[in-house]
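Sequence and predicted model, in that order:
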Amino acid sequence: MAGAGECREEATASGRPCQFVGVGIDHYKHGFGVLAALAGVDAIAKILSNARGFATTVLRDVTMSQVGPDLTIALPMGGVDGGALVVLWAGHGEQSAEGRLRLITHDDVANASPLCTADWVAGQAVRTGATQVLLVFDTCSSGQAAIDAAQVVGRLMADLPDPKPVWVGILASAQAYERARDEGLFAAELRRVLEQGPRDPILRLRFNSFNQGVRGDDVIDAVVTEWPTDAQRPEPSMFGRAGILLPNPLYDPDAPERVVEHLLLAAQGRAPDEEGSFFTGRDDQLAEIFHWIGQPEPGVLVVTGPAGSGKSAIVGRIVSLSNPAERTSLLAQGPVDNDPGEGSVDAHVHVRRLTVDRVANLIDEQLCRKGILVQDAQARDRYELLGAVRRLDKPVTIVLDGLDEAEAEAWAIADDLVRDLGRFARVLVATREMARDGGQPLVATLATMTPIDLGDPQWAEQSDADVRRYVRRWLEPEGSGATAMDPALVAEQILHLARANDEGLFLLARVITSQLRTDPVDTSTPGWETALATSVEAALARDLGRILEPSPSGTAGPVAARELLSALAWGYGTGVPDDVWVAFATGLSKTGSRYSLADVYWVLAAAARYVVAADGWASPGGVDTPRYAAAPLLCASR
């Protein structure tokens, strides 16, 4: 049975070793009863082998004399150096008189000494040199295995020389005092999560379709949280910092291109949790840009103006009409004037807090995804990108939004990338004006033609008219449900507040109309104006004040939401991993709160409108991990 029953597949995965070792015992010489454990072990081995190229070893009906040598071979010291390891033991288990859980082998007898134990398996696994380790025990009373293994893992992670794990997770199918009553249920639930992902929409946020892998703690959390019965309950235990370990069943290498969310929302004139498109006006500016896009010559066209003047709305409208999915949605709402056509934009990047090389990487990725450039082994740097674009038969069109939000890097992006790209491509840049120490203006440095300045007095009358139309469209009685609210009076008050407080006109209009759709006011009542948020900051405070449920850490809802979101707003680049977000929030907390991943996913549910789910970032293991970034509305009020 045992030695001849060993099944081994050799594979590689993403340039680092990934190993699955499964032990399944169905048949027992001395009672205990027949199981169907091997079917679950084989199924998990197949999933991991097919989805991520894990090397798999399955030991079948091993005897006591075989289990030691076979597992020593399957889990050699240093044999998974720097990689990922999953170990699954499925079969009968028994509490011993010594207080440890015996893992019953094919020829074991009842009440024997605990020679094959969970802590021994854990010691073998930790010594393989794997940096991410998941130990799974599917036996009766396996919660005791989690306790035994955890004691060994804790000591070894502190005392072993490198290489040793960065993270070890232990998942048992039942509590220490429970029998595994529903045979096959645990394996079925683990399979479901590995094949389909979680059902819960908040948990599914961790299984981003752009990321190849998921962390071990996310998989454990999905199994435990969505466990379907009270007949037995899984027992988890974890040590260290979790990283990418398992294949992501929701990963889609052909996931459709998405418009950068802040551009999409600005283009539609709405908040993230509102539906529909309420973009209005800017007809003359859009017509000028559309005409420029249709020309064969390269160059740089700059849309500039003060904060909140509608720069992102204009360039976002162009990007949305180019994107097939968003274009279909916009055209379904009615005819579109000044249409540049599907596919008119070849790449678009929100530049906030990015480096020049990261901007080049993102442009390269999008041009490769569209088949304009040939994918290299790694993303091109700025010089390689310029050479590749120069060799194209015709200029591509690239949109860069928020160049000024790159802060200290803005000049490097302008000097070392955008100006040179403009010699071979059409580059549309949205940015506020900024100047070097010597006074040289950014816009004049970049533009190869007359910029579109939304702060120019020539556009003031049109901007006021556009805001009045926008407010009417949002706050018509049938849309707001408040017949006593006069949109014309609201529009005039918004224009007054923007001028009096030096707030961005279009951003303030979006914030206030969004507020009034939720909480209408009676404009026939004296002093109704005081009910309006007077600034973006006031609107944020009012919005977060509605979060009444405390966070999982026990911090008051509005306080926790503000601290978590504020920490995210300080994140560098296009976003931070969720565990780094936790560290930021804890370190910056003014209340001394210690936040966890549960708090992060709580605020994602409670205040999703202020967060953008971003594509993954390359982790040291070579696999992407989820990132989250602050939405522009949050950054504007930081």
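Cool, the structure landed. Computed from a prediction, not measured in an experiment: that's the story for all the values here. Numbering: from 1, shown residues only.

hey, where'd the helices end up in the stretch 101-250 of the chain?
Per DSSP state H, counting those that start in this stretch, the stretch 101-250 of the chain carries helices over the ranges 118-126, 142-159, 185-196, 201-204, 216-225.

Next, the angle from the helix or strand harbouring Pro69 to helix 118-126.
Per DSSP states H and E: Pro69 is located in helix 64-74. If you take axes from the mean of the first three to the mean of the last three Cα atoms, to 10 degrees, helix 64-74 sits at 20 degrees to helix 118-126.

Let's see helix 64-74 as CSV, backbone CA atoms only.
Extracted in CSV, the C-alpha atoms of helix 64-74 (Å, rounded to 0.1, in the frame of the first residue of the first chain):
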residue,chain,number,x,y,z
MET,A,64,3.8,3.8,10.9
SER,A,65,7.1,2.5,9.5
GLN,A,66,6.7,4.4,6.2
VAL,A,67,5.4,7.8,7.4
GLY,A,68,8.7,9.0,8.9
PRO,A,69,10.9,8.2,5.9
ASP,A,70,8.3,9.2,3.3
LEU,A,71,7.5,12.6,5.0
THR,A,72,11.3,13.3,5.5
ILE,A,73,11.7,12.8,1.7
ALA,A,74,8.6,14.9,0.9
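
by contact count, what packs against the helix or strand following that helix?
Using DSSP H and E, the helix or strand that follows helix 64-74 towards the C-terminus is strand 84-90. In terms of contacts (3 or more Cβ pairs under 8 Å, 6 or more residues apart in numbering; DSSP states H and E), strand 84-90 is packed against strand 18-24, helix 37-52, helix 118-126, strand 132-138, strand 244-247. Using the backbone N, CA and C atoms, a C-beta is placed for each residue, glycine as well.

out of these, deepest packed?
Greatest average neighbour count among those goes to strand 132-138 (a mean of 28), per mean count of other Cβ atoms under 10 Å.

Can you give the strand pairings for that one, parallel or anti for each?
strand 84-90 (parallel), strand 167-172 (parallel) (DSSP bridges).

and of those, who's closest to Leu160?
strand 167-172 (11.4 Å; Cβ to Cβ).

could you give me the average pLDDT of the closest one?
Per-residue pLDDT over strand 167-172 has a mean of 88.

what's the angle from that strand to helix 185-196?
130 degrees.

Can you give me the buried ones in strand 167-172?
Within strand 167-172, the residues that count as buried by 16 or more other Cβ atoms under 10 Å are Trp167, Val168, Gly169, Ile170, Leu171, Ala172.

between it and helix 216-225, how many degrees?
Strand 167-172 and helix 216-225 are oriented at 20 degrees to each other (the same axes, to 10 degrees).

Which member of the buried residues of strand 167-172 is positioned nearest Glu226?
Using Cβ to Cβ, Leu171 comes nearest to Glu226 of these, at 13.4 Å.

Ala146 is in contact with the closest one, correct?
Yes: between Leu171 and Ala146 there is a contact at 7.5 Å, judged by Cβ atoms under 8 Å.

got any residues that touch both of these two?
Residues touching both Leu171 and Ala146 (Cβ atoms under 8 Å, 6 or more residues apart in numbering) are Phe137, Glu235, Pro236, Ser237.

what domains does the record give for the chain?
Domain segmentation of the chain under automatic domain parsing yields 3-247, 261-451, 458-506+521-534, 543-636.

Surely Leu301 is within a strand?
Yes: per DSSP: H, G, I helix; E, B strand; the rest coil, Leu301 lies within a strand segment.

for stretch 285-297, the distance to its chain's centre please.
35 Å (Cα atoms, centre = their mean, to the nearest Å).

ok so, going back, please check the shared contacts of Leu171 and Ala146 and keep the buried ones.
Phe137, Glu235, Ser237.

which one of the residues you listed is nearest Gly554?
Nearest member of those to Gly554, counting by Cβ to Cβ, is Ser237, at 22.5 Å.

Can you tell me how far that closest one is from His92?
21 Å (Cβ to Cβ, to the nearest Å).

Average pLDDT for stretch 398-407, rounded please.
82.

and it, how far apart are its ends?
Length of stretch 398-407, first residue to last, Cα to Cα, to the nearest Å: 20 Å.

swap in stretch 569-579?
First-to-last residue span, stretch 569-579, Cα to Cα: 15 Å.

Do me a favour and average the pLDDT over that stretch.
68.

can you check stretch 194-208 too?
Across stretch 194-208, the average pLDDT comes to 80.

how distant is it from the center of its chain?
For stretch 194-208, the distance to the chain centre is 12 Å (Cα atoms, centre = their mean).

again, but for stretch 359-370
Counting by Cα atoms, centre = their mean, stretch 359-370 comes out at 19 Å from the chain centroid.

How about stretch 186-203?
18 Å.

List the buried residues for it?
Phe186, Ala187, Glu189, Leu190, Arg191, Arg192, Val193, Leu194, Gly197, Pro198, Leu203.
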